[in-house]
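[1] next come a sequence and a model predicted from it.
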Amino acid sequence: MKSDTRKRARERLDERLAPLKPAERFRAPPKGWVRAIRDALGMSGVQFARRLRVQPPSVAALEASEESGAIQLNTLRRAAEALDCTVVYALVPNDSLEGAVRARARKIALRDLGRVAHTMKLEAQGTPDSSSDERVEAYIRDKLKERDLWNEP
């Protein structure tokens, strides 16, 4: 089953990303990583420019682009190599990936079950509490397809 495979893939990614949380630990220094590491090494902008094989004004532009968040990944990699560093690139989910899928499915189930309850109430037909956990879980299991969870914003 594809959904089981995706679930296992999410769980493996969650395990790999867990050591990166909280992501705040890796927030860039105010002037960026390149400038912070270059300064910590005692390397001047001119020396760094030579290592990058660029003109010194390009170093200032590179550091400014990192500070503003506009630096390109390949430029950051070149800078890292010149500083004898490695760029570590990851997207770290705020929640677990599995948690994000469960939360999204629950949100959709509650919305859809709420619509059904409202319609039945208008027709003077009672329904059990639309937010009961059993009904929500049954709706998720029986009606929702994982591929459809992200069709809407």
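    Thanks, I have the structure now.
[2] helices along this structure, start to end?
    Remark: helices assigned in the chain by DSSP state H are 2-17, 33-41, 45-52, 56-68, 73-82, 97-122, 133-143.
[3] nearest to P153, of these?
    Nearest to P153, of all the helices of the chain, is helix 97-122, at 11.2 Å by C-beta to C-beta. The way it works is simple: take the backbone N, C-alpha and C, and place the C-beta from them, glycine included.
[4] so how far is that closest one from its chain's centroid?
    Computed by C-alpha atoms, centre = their mean, to the nearest Å, the chain-centroid distance of helix 97-122 equals 24 Å.
[5] let's have the helices of the chain in a markdown table, adding mean neighbour count and distance to E24.
    Compiled in a markdown table, the helices of the chain are given as follows (neighbours: other C-beta atoms under 10 Å; distance: least, C-beta to C-beta, whole Å):
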| stretch | mean neighbour count | distance to E24 |
| --- | --- | --- |
| helix 2-17 | 12 | 14 |
| helix 33-41 | 17 | 15 |
| helix 45-52 | 17 | 28 |
| helix 56-68 | 17 | 18 |
| helix 73-82 | 16 | 20 |
| helix 97-122 | 15 | 19 |
| helix 133-143 | 13 | 32 |
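[6] weakest of those by average pLDDT?
    Across the helices of the chain, helix 97-122 has the smallest mean pLDDT, namely a mean of 79.
[7] so what does that helix touch, helix or strand wise?
    Applying 3 or more C-beta pairs under 8 Å, 6 or more residues apart in numbering; DSSP states H and E, we find helix 97-122 packed against helix 2-17, helix 133-143.
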